[in-house]
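Engineer: after the sequence you'll find the predicted model.
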Amino acid sequence: MIKAENLYFRYTEGEAETPFALNGVNLEIKEGEFVVIIGHNGSGKSTLSKLMNGIHTPTEGRIVIDGIDTSNEDQIWEIRKRAGMVFQNPDNQLVATIVEEDVAFGPENLGLPSEEIRHRVDEALDTVHMSAYKRKAPHHLSGGQKQRVAIAGILAMKPKCIIFDEPTAMLDPSGRKEVVQTIEHLNKNEKITVIHITHYMDEAIHADRVLVMDRGKIVMEGTPKQVFSKVDELRALGLDVPQVTLVSHKLKTMGYAVSDENLTVDELVAELCRLS
Ligand code: ADP
Ligand code: MG
């Protein structure tokens, strides 16, 4: 679905040469995968996500989305149709004054017939469980609801892949939960390839694969169990691990025979029961 080869990117600020924000990224994401990207602030996560749907094009190297090289400027709408993006602030993504009009905005720009647009809007709102709000004004919704409407707007374009750049960062715990469940549903049931950038480690535990970025590079990669068992390495990169993993790690360093690959409360409890 996505393939990046030897990818470098630097922002230009007037004449000044800024350091590389992406520093040689190689990456392959398969269709249907659920990939989480973590990394401290400034490690290049948002920059990488913006190269994944052609908002930025590489300074060096290349990135191909569903067979289309993003440097190919006349294919930009083909790329955006295939790879949608959801950002941190839902308020910046909602453009219309009525929910259903907002969701219709993308397909309208694709020039689809109005019957098809109506169908897609209803389907997308249904998928994110927001049909009951279709005639409401977005500014009356909670943060989690707004973000789900933003997701519906992307779904109405029928993308194969959605890139989420910290979509839960501005939400309260219940809004976060709604959005995380929606993302997981899209991957499992709608078979959409998901790239989810987050700084909440517990949002990474159900991923197929976790990528860790540092200084514009992917420095660790593996299943959640493989990555989060490396507690000390992650800490050296300025990152936390899920709380259950941390407790397991502490117990292990205290001499208890506990695996440090526990990610969920149930897994840890099962191990502790076995010990006692
Ligand atoms: P992250 O999303 O992991 O926090 P970013 O991709 O936003 O990281 O940033 C990577 C690097 O690029 C940082 O050094 C940041 O300061 C720089 N950067 C990001 N956006 C811009 C911009 N619009 N102009 C110049 N530099 C930028
Ligand atoms: Mg960012």
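Structural biologist: Okay, I see it. Keep in mind that this is a model prediction, so the values were computed, not measured. Residues are numbered from 1 along each chain as shown. Ligands and ions are numbered 1, 2, ... in the order given.
Engineer: helix, strand, or coil at residue 97?
Structural biologist: coil (DSSP: H, G, I helix; E, B strand; the rest coil).
Engineer: how many neighbours does it have?
Structural biologist: Per other Cβ atoms under 10 Å, the neighbour tally for residue 97 reads 11. Every residue, glycine included, has its C-beta placed from N, CA and C.
Engineer: the helix or strand of the chain with the lowest mean pLDDT pairs with which strands?
Structural biologist: Lowest mean confidence among the helices and strands of the chain (mean pLDDT, DSSP states H and E): strand 16-17, at a mean of 78. Applying DSSP bridges, strand 16-17 is found paired with strand 12-13 (antiparallel).
Engineer: ok, back up a step: ok, then the element right after the least confident helix or strand of the chain?
Structural biologist: strand 22-29 (DSSP states H and E).
Engineer: list the buried residues for the helix or strand hosting residue 181?
Structural biologist: Taking DSSP H and E as the criterion, residue 181 maps to helix 173-188. For helix 173-188, burial by neighbour count (16 or more other Cβ atoms under 10 Å) applies to 175-176, 178-180, 182-184, 186-187.
Engineer: cool, stretch 217-226 as well?
Structural biologist: 217-218, 220, 224-225.
Engineer: ends of it, how far apart?
Structural biologist: 19 Å (Cα to Cα, to the nearest Å).
Engineer: now what about it, what contacts it?
Structural biologist: Stretch 217-226 is contacted from outside by 22-27, 36, 44, 204-213, 227, 230, 233-234, 237, 261, 263, using Cβ atoms under 8 Å, 6 or more residues apart in numbering.
Engineer: quick one: the strands in this protein, in order.
Structural biologist: 2-9, 12-13, 16-17, 22-29, 34-38, 60-65, 68-69, 83-86, 161-165, 193-197, 209-214, 217-222 (DSSP state E).
Engineer: do any residues in the last one lie close to ligand 1?
Structural biologist: No. On the criterion Cβ under 6 Å from any ligand atom, strand 217-222 is out of touch with ligand 1, staying 11.4 Å away.
Engineer: relative to strand 209-214, how tilted is that strand?
Structural biologist: 150 degrees (axes from the mean of the first three to the mean of the last three Cα atoms, to 10 degrees).
Engineer: and strand 217-222, what's its mean pLDDT?
Structural biologist: Mean per-residue pLDDT for strand 217-222: 97.
Engineer: show me how far that strand is from its chain's centre.
Structural biologist: Remark: strand 217-222 is offset 16 Å from the chain centroid, using Cα atoms, centre = their mean, to the nearest Å.
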